[in-house]
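1. Sequence plus predicted model, see below.
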Amino acid sequence: MAIKFPSDEWIKELSAQLNASEAYAQAAATWEGDNIFVILPDGDYPDTTYFYINLQHGKASDARQLKSLDEQKALFTTSAPFNTWRKVLEGRLDPIQGIFSGKLKLVGSLAQVQRTPKATYMLVKVAAQIATDFGS
Amino acid sequence: MNGYLGKLLRVDLSHNRLWDEALNEDYARNFVGGSGLAARYLYDMLEANTAPLGPENPLFFLTGPLVGTSMSSAGRYSVCARSPLTGLWGEANSGGFFGPELRYADYDGVLITGKAEQPVWLSIIEGQAALHKAGDLWGCDIYATQTRLREVLGDPKVRVACIGVAGENLVKLAGIANDHGRFAARTGLGAVMGSKNLKAIAVRGTGKVPLYAPEEYRVITNRILALHKEDYPTWQYRTYGTAGGVNVSHMLGDLPIRYFQLGEYAPADNLSGVDLAEKYLRRNTACHKCGIGCGRETQSPAYNDSKVDGPEYETIGALGSLLMIFDLEAVIHAGHLCNNYGLDTISLGVTIGLACELFERGLLTSADTGGLEIHYGDAGMVFHLIELAARRQGFGAVLAEGNAALAERAGVPELSATVNRLEIPMHDPRAYLGMAVTYALSPRGACHMQGDMFILDLGQPNLGEVGLEPGDRHDNTIEKGRTAARLQAWRNLYNSLTLCQFENPGVQPLLEAINAATGWGLEAEDLITLGKRIVNIKRLINFKLGLTRANDRLPDLLLKPLKEGGAAGYVPDMPTLLAGAYAELGWDINSGRPDEDSIL
């Protein structure tokens, strides 16, 4: 059954799938950094939603939906409107293309992103495999 | 004439004559500046029998209408002539401060013909030009030459464009350096300068560029500068330079490895721009009024290099991964040697790469190289070969002729990694299929700066207003061919504005800046029309010089799929891609020829 996006259940499912992925473990073996994903409102989604996930050396932990940004600090924050996230998760927007074009706004350690782009790529690939319900 | 000084300096070295010539306003309006305007002039001057290294080959230094103004990253200049490396249209451009200083010295450009009897250098100071004997400069490296001319002129603000030993020795891979180690590197124009016995041009001035609407121009250029504050590519370029792209490029199969034959190899990540910044960076450098600052000044302690310009991404690929050298310090040193001698790192790296490959295959032996064993991964040998090539000594005389000549000499032209005899840069067209069009149709041979599909398909420039949208990098379609051709027109406009290709404020702000500078009242689509006209005139020059539709191809080496990495399994469908490109540019599908009316 498809999982609603965005939801606490969805980010926890991403964590589970990342931990089950050997490909992600390899690609992100040197990645050190926790992440906040911000889903911003647009025509199809009225709210602002925050996800937190800790990613260290190819493993995920502590994944949860936050009430606000005050609740948790993270090394990386990536923000985009709901439909941009949807395009990424449906494979219609390449994540690197999204970052370079500014459609995905990234704040954090540029060194990590530049040195290990495969970790980002593989994370999105795993996320795209989640059966996701984006609503109507 | 707003946006222009309205004046060219003409130099006839054979007769020691210097004179001013009014800039042709009609040409400027239709071909803008830089390489476009040079093409319009040289269209009338180049003939099929013009010898690239003969006195009759005109050598043109030109700026564009935004150069020397408050526009961010508009500090470049173009150099154009018939290329001794390719035999076709040659152009190269460089950043720094030389271009703006030439305009402050009261000239839009310098057109040089003839050959001096003895080595000379040219000074252009506050509108006054003079030729000087350069006997004591001949043999100096590019850094010493620049320093000495500043001392001679008694002004540390003098800007110098010069050749190194490679240009003096007519090495066909020689470039022209300015502002320390910035280079108009490609197509061997340093050898053209050397063939004229012209060592350097020194410029200094305090003039101003006249603008149509100075206040509007100030406002729009400030707005363009401010755009860099929130721009991801700016963040990357500023923090890690062009080398910041190494890891992403490697992941996508874009970074050539082992002479274009490996799609992925873990040690290539050792060449990261992040490591370069963290371990070897001394400071960032920036061109005139640049809001980015991508330049690197580095060091390589292991080789006692305390101050090195670069290396850029292209140098890291050409003198690193392509040659299976994954030690950043060695690559920094190799780049520094090339800078000193005044050599194009791309062309020389790809030529040495072929030598390595020929050795692997037994097609080149130590009997052919004067006893040298040339193998992948041997940094010491690369350093030695750079020096030999610059001095045309021993096997270096072979390398000095370039990759295509070496492949022909070895009897394996199919192993050449060139298009129209210009060595392929460090963006693999199997990773971005649109680059196949860029390389095949680039007016100067394989060149990534004539249509950077690797940037467009990475999502960077915001160019939707002129119909240029990022797409799937592996599209093998008519539409991809059209997009690549349209981007080629856009970047040819940039090369004519002599605007840095990292300056991407979007169509409307750029349009406003051009209009405020010149008063031309252009609309967005006019920019593409100008770009296509410039592409077409260069194409017509190339037809005059012997190019035919059969030249519009990639080398066999790059039409074989890679087995691993982010480009594995992909090869460009050339007939489909080219059909799209021809349609976009309005070229005849059979002859590949543009309509002569298209340049009117």
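-> Nice, thanks for sending it over. This is a predicted model, so every value here is computed, not measured. Numbers count the residues shown, from 1 in each chain, chains lettered A, B, ... in the order given.
2. Apart from its neighbours in sequence, what residue is nearest the residue most central in space within chain A?
-> Nearest to the geometric centre of chain A sits residue A:37, at 5.6 Å (CA atoms, centre = their mean). Distances taken as CB to CB, 6 or more residues apart in numbering or on different chains place residue A:51 nearest to residue A:37, at 4.3 Å, with adjacent residues excluded. For glycine as for every other residue, the C-beta is placed from the backbone atoms N, C-alpha and C.
3. So the one you found lies in a strand, does it not?
-> Yes. Per DSSP: H, G, I helix; E, B strand; the rest coil, residue A:51 lies within a strand segment.
4. List the contacts of it.
-> Residue A:51 sits next to A:6, A:11, A:35-39, A:63-66 when contact means CB atoms under 8 Å, 6 or more residues apart in numbering or on different chains.
5. Any idea how far apart the tips of stretch B:310-322 sit?
-> End-to-end span of stretch B:310-322 (CA to CA, to the nearest Å): 18 Å.
6. Break chain B into its domains for me.
-> Domain ranges of chain B: B:7-204, B:241-394, B:430-553+B:570-599, per automatic domain parsing.
7. and the second one with chain A, contact?
-> Read that as domain B:241-394. Yes. Residues of domain B:241-394 contacting chain A under CB under 8 Å from any CB of the partner chain: B:244, B:247-248, B:251-252, B:269, B:272-275, B:278.
8. of the contacts of residue A:51, buried ones?
-> Buried members of these, scored by 16 or more other CB atoms under 10 Å in any protein chain shown, are A:6, A:11, A:35-39, A:63, A:65-66.
9. Of those, which is the nearest to chain B?
-> residue A:38 (15.7 Å; CB to the nearest CB).
10. Return the distance of the strand or helix carrying the closest one from the chain's centre.
-> In this structure, residue A:38 sits in strand A:32-40 according to DSSP states H and E. What separates the centre of strand A:32-40 from the centre of its chain is 6 Å, taken as CA atoms, centre = their mean, to the nearest Å.
11. Tell me which residues touch the residue nearest to residue B:491 when sequence neighbours are not counted, please.
-> Spatially, and ignoring its direct neighbours in sequence, residue B:491 is nearest to residue B:451 (5.3 Å; CB to CB, 6+ apart). Taking CB under 8 Å, 6+ apart, we find residue B:451 in contact with B:434-435, B:437-438, B:442, B:484-485, B:487-488, B:490-491.
12. how close does residue B:451 get to residue B:440?
-> The gap separating residue B:451 from residue B:440 is 10 Å, by CB to CB, to the nearest Å.
13. Same question for residue B:547.
-> Going from residue B:547 to residue B:440 by CB to CB gives 12 Å.
14. which residues of the stretch 251-400 of chain B fall in strands?
-> For the stretch 251-400 of chain B, applying DSSP state E, counting those that start in this stretch gives strands covering B:281-285, B:295-300, B:305-309.
15. JSON lines for those, including mean pLDDT?
-> Output for these, formatted as JSON lines (pLDDT from 0 to 100):
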{"stretch": "strand B:281-285", "mean pLDDT": "96"}
{"stretch": "strand B:295-300", "mean pLDDT": "97"}
{"stretch": "strand B:305-309", "mean pLDDT": "97"}
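16. winner for burial among the ones you listed?
-> strand B:295-300 (a mean of 22; mean count of other CB atoms under 10 Å in any protein chain shown).
17. what angle sits between that one and strand B:305-309?
-> Between strand B:295-300 and strand B:305-309, the angle comes out at 160 degrees (axes from the mean of the first three to the mean of the last three CA atoms, to 10 degrees).
18. which other helices and strands contact strand B:295-300?
-> Counting contacts by 3 or more CB pairs under 8 Å, 6 or more residues apart in numbering or on different chains; DSSP states H and E, strand B:295-300 packs against strand B:281-285, strand B:305-309, helix B:328-341.
19. change it to 10 Å
-> The contact analysis (3 or more CB pairs under 10 Å, 6 or more residues apart in numbering or on different chains; DSSP states H and E) places strand B:295-300 against helix B:232-240, strand B:281-285, strand B:305-309, helix B:328-341.
20. Any idea which of those gets closest to residue B:259?
-> Closest approach to residue B:259 among the helices and strands packed on strand B:295-300 (CB to CB): helix B:328-341, 15.9 Å.
21. chain center to the closest one, what's the gap?
-> 18 Å.
22. mean confidence score for it?
-> Looking at helix B:328-341 alone, the average pLDDT works out to 98.
23. Over to stretch B:494-504?
-> 96.
24. Now do the residue of chain B found nearest chain A, the pLDDT please.
-> Residue nearest to chain A within chain B (CB to the nearest CB): residue B:459, separated by 3.4 Å. Looking at residue B:459, its pLDDT reads 88.
25. hang on, it packs against residue A:96?
-> Yes. Here residue B:459 lies in contact with residue A:96, judged by CB atoms under 10 Å, at a distance of 7.2 Å.
26. joint contacts of these two?
-> residue A:104 (CB atoms under 10 Å, 6 or more residues apart in numbering or on different chains).
27. more crowded one of those two?
-> More crowded of residue B:459 and residue A:96, by other CB atoms under 10 Å in any protein chain shown: residue B:459, with 24 against 20.
28. does that one sit in a helix or strand, and which one?
-> In the assignment (DSSP H and E), residue B:459 maps to no helix and no strand.
29. Then residue B:489?
-> Following DSSP H and E, one finds residue B:489 within helix B:478-497.
30. list the contacts for residue A:5?
-> Shown in contact with residue A:5 (CB under 10 Å, 6+ apart): A:11, A:13-14, A:39, A:45, A:49, A:51, A:82, A:85-86, A:89, A:127, A:130, A:132-135.
31. Kindly report the same for residue B:72.
-> By CB under 10 Å, 6+ apart, residue B:72 lies in contact with B:66, B:221-222, B:224-228, B:286-292, B:499-500, B:502-503, B:505, B:513.
32. With adjacent residues omitted, what lies nearest to it?
-> Once flanking residues are discounted, residue B:72 sits nearest to residue B:291: 4.1 Å by CB to CB, 6+ apart.
33. Okay, strands next: where are they in chain A?
-> For chain A, the strands defined by DSSP state E occupy A:3-4, A:32-40, A:49-56, A:59-66, A:76-81, A:105-107, A:132-133.
34. What of the stretch 51-200 of chain B?
-> Under the criterion DSSP E, counting those that start in this stretch, the stretch 51-200 of chain B contains strands at B:59-62, B:77-82, B:89-94, B:109-113, B:120-125, B:128-133, B:159-162, B:176-178, B:182-184, B:198-204.
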